[in-house]
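In: Sequence and computational prediction follow.
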Amino acid sequence: MASDIRKPDKTNAMQAVCNSELFAHLDRLCAFLKYIVTEELEGRGDLIMGKTIAQDVYDRDPTEEGDANNVVRVDARRLRQNLEHYYDTVGRTDPVRILVDTGGYRPRFERVQISPPDQNNKTRRTLGWAAFSFAVGTGIGIAIALIGFGQNPDIQNKQSIQAPSKDTLRRQAVIEQSASSLQAMNLADQARSMMFPIFDRPRQQLVIEVFRRVIELGPDYFGGYAGAAQALGTLAIMTPPGPEKSALIREALAMADRALRLAPTDPWAQSAQAWVKFADREFDEAMRISKRAVALAPNDEHVLDIHGSIALFSGHFAEAARHAEKAMNGGRSNQRFANRNIFGAANFHLENYQTSLDAFSAAAEYGDPISAPSFAYQTAALYELGKLREAARKYTKLKNSWPDADIEKMLTGIFRDPSHVERVMQSMKALEDNQN
């Protein structure tokens with residue numbers, strides 16, 4: 001019950017979130033969270049409104065150009081999603097959780113019963129607790145699967161008149177082999193959905209640990225190696241040239257090769273190989289393999305996201321936009337996928353600036369991944385459209401949310417052609433000059 005939670009415990013819950021690695025670069029969301037929690041603890045929770053948050057947190061005048069309340073709504077949605085992600089992973093053992101229900105901004109608190117710690121220390125590396133919590137969650141799925149697969153066929157037929165899906169058939173086949181193999185598959189599916197945004201180093205480190213746990217559970221399951229290869233490749237992209245980067249590339253290549261040996265025709269294994277080739281700046285080979293992955297799974301949003309990213313950063317903007325749009329129209333879009341961001345960036349380089357802005361706005365509304373580069377693209381698009389005031393405001397938000405982000409270095413490390421980076425940076429530099 002929330003009534004038995006002491007004020008210090010609520011404060012500690014807030015500090016745990018904001019001090020976590022997952023919130024390390026989310027200064028604006030932490031300011032949002034601290035404000036609403038403080039107001040609640042001071043007895044003013046019923047007075048929290050979008051207008052007061054805009055004024056007190058963002059120093060926004062409700063009469064100024066733009067919809068201040070809309071900014072608050074978008075950030076509230078981001079906060080809910082990031083809190084959910086935090087409590088699903090590194091915050092799973094927190095004794096008190098903070099929730100912000102849809103339709104309002106007032107926080108509420110829940111006490112969580114903590115299970116006794118597991119004695120297996122093998123998996124408790126740095127970030128290992130997060131990987132372990134993922135495994136606990138998938139155990140529930142295994143229990144459900146075992147119950148379902150053990151039912152009388154007549155009962156199952158009454159529950160559903162549809163034929164089993166491809167995923168269901170895969171899991172039925174795997175459970176006949178071993179429960180741990182099914183657990184590995186379920187865990188890999190969860191971790192695969194965490195890979196974007198790619199410029200989030202703590203996220204990639206967490207994902208790698210989860211996939212290492214997948215490999216421990218199912219050493220013969222290709223997905224653990226494919227996922228580890230993608231996350232290691234992403235870390236390599238963000239790492240400056242040197243021994244560390246070379247080591248990450250070598251390990252990523254080894255993981256991708258292992259995935260291909262176990263499942264040479266699987267689209268995920270092919271896509272992982274393409275991504276590692278891309279991380280190693282073998283752009284043409286990455287495109288060739290990624291196209292094959294798309295041909296094998298033309299409607300797989302994960303494969304389409306990877307292909308769209310490779311096409312975008314290799315300079316094939318029309319192809320990136322085309323495949324991103326296909327993923328956008330696939331019916332599923334939430335924080336798991338990056339297709340709207342890819343579509344927005346590709347259209348910027350195609351000089352469709354309004355289309356680019358619309359895509360990034362839709363990404364924010366749907367809760368898709370956001371990062372410092374996505375804000376940079378929005379700033380540049382606004383500048384190109386002559387909306388200098390809005391561009392300056394977006395640039396300020398970028399600096400406030402990611403004060404240490406070196407956008408030029410991030411983009412230079414991933415784009416094939418430096419001139420494409422300059423297309424984004426020139427408007428940022430112009431805005432800096434105007435402000436100085």
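Out: That came through fine. Numbers count the residues shown, from 1 in each chain.
In: tally of neighbours for the closest residue to residue 272 other than its chain neighbours?
Out: If you skip the residues right next to it in sequence, residue 272 has residue 226 as its closest partner in space, 3.9 Å away by Cβ to Cβ, 6 or more residues apart in numbering. For glycine as for every other residue, the C-beta is placed from the backbone atoms N, C-alpha and C. Residues within reach of residue 226, counting by other Cβ atoms under 10 Å, total 31.
In: host element of residue 226?
Out: Using DSSP states H and E, residue 226 sits within helix 222-237.
In: For that helix, which helices and strands make contact with it?
Out: In terms of contacts (3 or more Cβ pairs under 8 Å, 6 or more residues apart in numbering; DSSP states H and E), helix 222-237 is packed against helix 179-192, helix 201-217, helix 243-262, helix 267-279.
In: just those helices: most buried one?
Out: Among those, ranked by average contacts under mean count of other Cβ atoms under 10 Å, first place goes to helix 267-279 (a mean of 27).
In: Going toward the C-terminus from that one, what's the next helix or strand?
Out: Following the chain from helix 267-279 toward its C-terminal end, the next helix or strand by DSSP H and E is helix 283-296.
In: Tell me which other helices or strands that next one touches.
Out: Secondary structure elements in contact with helix 283-296, counted by 3+ Cβ pairs under 8 Å, 6+ apart, are helix 267-279, helix 301-314.
In: Buried residues, it. List them.
Out: Within helix 283-296, the residues that qualify as buried by neighbour count (16 or more other Cβ atoms under 10 Å) are 283, 286, 287, 289, 290, 291, 292, 293, 294, 296.
In: before we move on, back to that, got JSON lines for the helices and strands packed on helix 222-237, with distance to residue 22 and mean pLDDT too?
Out: Rendered in JSON lines, the data for the helices and strands packed on helix 222-237 read as follows (distance: least, Cβ to Cβ, whole Å; pLDDT from 0 to 100):
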{"stretch": "helix 179-192", "distance to residue 22": "15", "mean pLDDT": "76"}
{"stretch": "helix 201-217", "distance to residue 22": "6", "mean pLDDT": "87"}
{"stretch": "helix 243-262", "distance to residue 22": "21", "mean pLDDT": "94"}
{"stretch": "helix 267-279", "distance to residue 22": "23", "mean pLDDT": "96"}
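In: Quick one: closest of those helices to residue 70.
Out: When those are compared by Cβ to Cβ, helix 201-217 sits nearest residue 70, at 26.7 Å.
In: Now do the closest one and helix 222-237, the angle between them.
Out: Here the directions of helix 201-217 and helix 222-237 differ by 150 degrees (axes from the mean of the first three to the mean of the last three Cα atoms, to 10 degrees).
In: returning to that earlier point: right, so of the helices and strands packed on helix 283-296, which gets closest to residue 365?
Out: Within those, the stretch nearest residue 365 is helix 301-314; the backing value is 17.9 Å (Cβ to Cβ).
In: Output stretch 424-432 in PDB, but only the C-alpha positions, please.
Out: Taking Å, rounded to 0.1, in the frame of the first residue of the first chain, the C-alpha atoms of stretch 424-432 are listed here in PDB:
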ATOM      1  CA  VAL A 424      23.700  18.400 -40.400                       C
ATOM      2  CA  MET A 425      26.400  20.400 -38.600                       C
ATOM      3  CA  GLN A 426      26.400  23.500 -40.700                       C
ATOM      4  CA  SER A 427      23.000  24.700 -39.300                       C
ATOM      5  CA  MET A 428      24.100  23.900 -35.700                       C
ATOM      6  CA  LYS A 429      27.300  25.900 -36.200                       C
ATOM      7  CA  ALA A 430      25.200  28.800 -37.600                       C
ATOM      8  CA  LEU A 431      23.000  28.800 -34.600                       C
ATOM      9  CA  GLU A 432      26.000  28.700 -32.200                       C
END
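In: what does that stretch rub up against?
Out: Counting by Cβ atoms under 8 Å, 6 or more residues apart in numbering, the neighbours of stretch 424-432 from elsewhere in the structure are 348, 376-377, 379-380, 383-384, 388, 391-392, 395, 407-408, 411.
In: repeat that with 6 Å
Out: By Cβ atoms under 6 Å, 6 or more residues apart in numbering, the list of residues contacting stretch 424-432 from outside reads 376, 380, 383, 392, 395, 408.
In: Quick check: the farthest pair among those residues?
Out: Within those, 392 and 408 form the most distant pair, 18.7 Å apart (Cβ to Cβ).
In: And residue 96, its phi and psi?
Out: phi -130, psi 130 (degrees, to the nearest 10).
In: Next, count neighbours for the residue nearest to it when sequence neighbours are not counted.
Out: With Cβ to Cβ, 6+ apart as the criterion, residue 96 has its nearest non-adjacent residue at 4.1 Å, and that residue is residue 13. The local packing of residue 13 (other Cβ under 10 Å) involves 22 other residues.
In: just checking, residue 13 touches residue 95?
Out: No - in terms of Cβ atoms under 6 Å, residue 13 does not count as a neighbour of residue 95; the distance is 7.9 Å.
In: any idea whether residue 97 is helix, strand or coil?
Out: Taking DSSP: H, G, I helix; E, B strand; the rest coil as the rule, one finds residue 97 in the strand state.
In: Residue 32 versus that one, what's the distance?
Out: Shown here: residue 97 relative to residue 32, a distance of 17 Å by Cβ to Cβ, to the nearest Å.
In: cool, residue 60 as well?
Out: Between residue 60 and residue 32 the distance, using Cβ to Cβ, works out to 13 Å.
In: Tell me which residue is most central in the chain.
Out: Here the mean C-alpha position of the chain is nearest to the C-alpha of residue 196 (Cα atoms, centre = their mean), at a distance of 3.4 Å.
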